[in-house]
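Participant: Here is my input, please return the structure:
(one chain, ligands or ions: 2)
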Amino acid sequence: MARIAMVTGATSGIGRASAIRLANEGYDLIINGRREERLRDVASEIEKTGAKCYFKSLDVRVQKDVQAFVEELPSEWSAIDVLVNNAGLAAGKGPVQEGSLDHWERMIDTNLKGLLYVSKAVIPGMIARKSGHIINIGSIAGKEVYPGGNVYNASKHGVDALTRGMRIDLIEHNIRVSQIAPGMVETEFSVVRFDGDQAKADEVYQGFEPLLAEDIADAVAYQVTRPPHVNIADILILPTAQASATVVSKK
Ligand code: NDP
Ligand code: 8X3
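Facilitator: Numbers count the residues shown, from 1 in each chain. Ligands and ions are numbered 1, 2, ... in the order given. Reported below is the predicted structural model:
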């Protein structure tokens, strides 16, 4: 029987690429995200690899829906081996004194509370089976701060801290907890950050070669395919043209 991986926020970008890559690594996939039509498309890509896919629309910010999603999984899907906590976003990039409450709440509710709700629902099964692997998608924004990054930076620093804390708390249950902290990856991330302004989003990735979602999926695959006694605890992955959160060599 194939092992089971669950990827949150698999309708786009890093989550989509990671789900498809894990299918190619022999996992059956549970995927979610809010956009049902997109889930259907990703599921059909997954099924082309020969893997099975269970998908259902989910907003990770709604705790009771997250709990029901996990509790109501058909029994053949309930033993989740790998959880990739990927669903997340940045909203806005301006000084904190001009920040929008709606942006702040969306980031904190998704990047931190959503990750916690999903983990809380999945961890008991991993504890009962005495095995599991949780991969949190953090960011270079969780290692450094940059102008206008304020609340997004705080949320990803929170993911970094939670990853380390979860690793300590879950160690006695033989559960691996890892993080991947990407630099600039060209996905829908900046379109979302700039409220749909495609031109402004495109500008972010002009003049250098950004990472692709598949580069991050590659790191996910590396982490999950290590022998059981090895935990790749944290991977900071940057485009070659990016040296830090604020230093990017643009031509
Ligand atoms: P995308 O915007 O392409 O993908 C974001 C995914 O998250 C979508 O599938 C979206 O699905 C899902 N999502 C957002 N909010 C929710 C929600 N409330 N409930 C369920 N799913 C949700 O961006 P990326 O692929 O780039 O981002 C993925 C992760 O990677 C995020 O955590 C981001 O912070 C992180 N990251 C991204 C970097 C980048 O440069 N792109 C760099 C470092 C980290 P839907 O809208 O259908 O709900
Ligand atoms: C996304 C990368 O540099 O926009 O986490 O914060 S960055």
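Participant: Correct me if wrong: N32 contacts V62.
Facilitator: No. Counting by C-beta atoms under 8 Å, no contact exists between N32 and V62, whose distance comes to 11.6 Å. To be clear about C-beta, it is placed using only N, CA and C from the backbone, and glycine gets the same treatment.
Participant: Overlap in contacts, these two.
Facilitator: For the pair N32 and V62, no residue contacts each of them under the criterion C-beta atoms under 8 Å, 6 or more residues apart in numbering.
Participant: Flag every residue of the chain that's near ligand 1.
Facilitator: 8-15, 33-35, 38, 58-61, 86-89, 110, 114, 137, 139, 182, 184-185, 187-189, 192, 213 (C-beta under 6 Å from any ligand atom).
Participant: Okay, and which of those residues map to strands?
Facilitator: Among the residues of the chain next to ligand 1, the subset assigned to strands under DSSP state E consists of I137, P182.
Participant: The residues of the chain next to ligand 1, buried ones only, as a ChimeraX selection?
Facilitator: Command for ChimeraX, covering only those of the residues of the chain next to ligand 1 found buried under the criterion 16 or more other C-beta atoms under 10 Å:
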select :8,9,10,11,12,13,14,15,33,38,58,60,61,86,87,88,89,110,114,137,139,182,184,185,187,188,189,192,213
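Participant: Could you tell me which of the residues of the chain next to ligand 1 belong to helices?
Facilitator: Secondary structure from DSSP state H places G13, I14, G15, R38, F189, V192, A213 of the residues of the chain next to ligand 1 in helices.
Participant: Relative to A199, how far out is the closest residue to the first one other than its chain neighbours?
Facilitator: Taking C-beta to C-beta, 6 or more residues apart in numbering, and ignoring the residues beside it in sequence, G13 has T187 as its nearest neighbour in space, at 3.0 Å. Per C-beta to C-beta, to the nearest Å, T187 is found 17 Å from A199.
Participant: who's in contact with the residue positioned nearest the centre of the chain?
Facilitator: In the chain, the centroid-proximal residue (C-alpha atoms, centre = their mean) is N86; its distance is 1.3 Å. For N86, the contacting residues are V7, T8, G9, A10, I14, G15, S18, I137, by C-beta under 8 Å, 6+ apart.
Participant: which of the ones in helices among the residues of the chain next to ligand 1 are the two that sit furthest away from each other?
Facilitator: R38 and F189 (15.2 Å; C-beta to C-beta).
Participant: got the residue ranges for the helices in the stretch 1-150 of the chain?
Facilitator: In chain order, the stretch 1-150 of the chain shows helices spanning 13-24, 36-48, 63-71, 101-107, 115-129, 150-170, with DSSP state H, counting those that start in this stretch as the criterion.
Participant: And the contacts of the helix or strand harbouring A217?
Facilitator: Under the criterion of DSSP states H and E, A217 resides in helix 213-224. Contact partners of helix 213-224, identified using C-beta under 8 Å, 6+ apart, comprise 5, 13-14, 16-18, 20-22, 25, 27, 82, 84, 133, 135, 137, 178, 180, 182, 185-187, 232, 235, 237.
Participant: same check, this time on stretch 121-131
Facilitator: For stretch 121-131, the external contacting residues (C-beta under 8 Å, 6+ apart) are 6, 66-67, 69-71, 78-81, 83, 132, 134, 170, 173-175, 228.
Participant: if we go to 7 Å?
Facilitator: With contacts defined as C-beta atoms under 7 Å, 6 or more residues apart in numbering, stretch 121-131 is touched by M6, V66, Q67, V70, S78, A79, I80, L83, G132, H173, N174, I175.
Participant: Please compute how far that stretch lies from its chain's middle.
Facilitator: 19 Å (C-alpha atoms, centre = their mean, to the nearest Å).
Participant: Same question for stretch 39-50.
Facilitator: Once both centres are worked out by C-alpha atoms, centre = their mean, stretch 39-50 turns out to sit 19 Å from its chain's centre.
Participant: One more: stretch 181-188?
Facilitator: Using C-alpha atoms, centre = their mean, the distance between the centre of stretch 181-188 and that of its chain works out at 11 Å.
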